[in-house]
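1. This is a predicted model, with the sequence first.
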Amino acid sequence: MAAIDVRAVLDGKVWPQDVHDFVGDVVDILDEQLAEAGPAEREAAARDLLDLLADDDLVIRTWAVVGIRRALRVLGDDAVLGALDTHRDVLSVAGVSLWQVSQPTLLAEARYRLDY
């Protein structure tokens, strides 16, 4: 399988496999992509997701936070917590208004998602 373009998925540029029977969001589409990927592709996608925590586009950054547990499953605590620390400044802002986001900043949202 080709590499997963995580940014394109989070930007809404990748369609679900069955558009007629799909209920979800871009993170669910990412899950579809990851389900068909091998270990190397999953690891690369998880690293890309962590890099997108600092994306210039606040929408992409917000979706990366919403999907952060996908990186946790593949890379573990140290990599994810390290990325949060590295990107602390750009995550210390409110995300875009999505029903999936309940915390006042993206950093707080990421930590909330990692706690449950």
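-> Looks like it arrived, so ask away.

2. Just want to check the distance between residue 67 and residue 95.
-> With distances defined as CB to CB, to the nearest Å, the gap from residue 67 to residue 95 amounts to 12 Å. Where C-beta positions appear, they are placed from N, C-alpha and C, glycine not excepted.

3. and the longest helix for the chain?
-> helix 39-51 (DSSP state H).

4. Need the residues that contact that one.
-> Defining contact as CB atoms under 8 Å, 6 or more residues apart in numbering, one finds that helix 39-51 is touched by 1, 3-4, 6-7, 30, 33-34, 37, 64, 67-68, 70-71, 73-75, 79-80, 83.

5. Show the model's pLDDT score for the residue of the chain positioned farthest from its centre.
-> The C-alpha centroid of the chain is most remote from residue 20, which lies 24.0 Å away (CA atoms, centre = their mean). The score at residue 20 is 71. That number is its pLDDT.

6. where does the protein dip in pLDDT?
-> Where the chain drops to pLDDT under 70, the residues are 1-2, 116.

7. In the following helix or strand past the longest helix of the chain, which residues are buried?
-> For helix 39-51, the following helix or strand on the C-terminal side (DSSP states H and E) is helix 58-66. Along helix 58-66, the positions that meet the burial threshold by neighbour count (16 or more other CB atoms under 10 Å) are 60, 61, 62, 63, 64, 65, 66.
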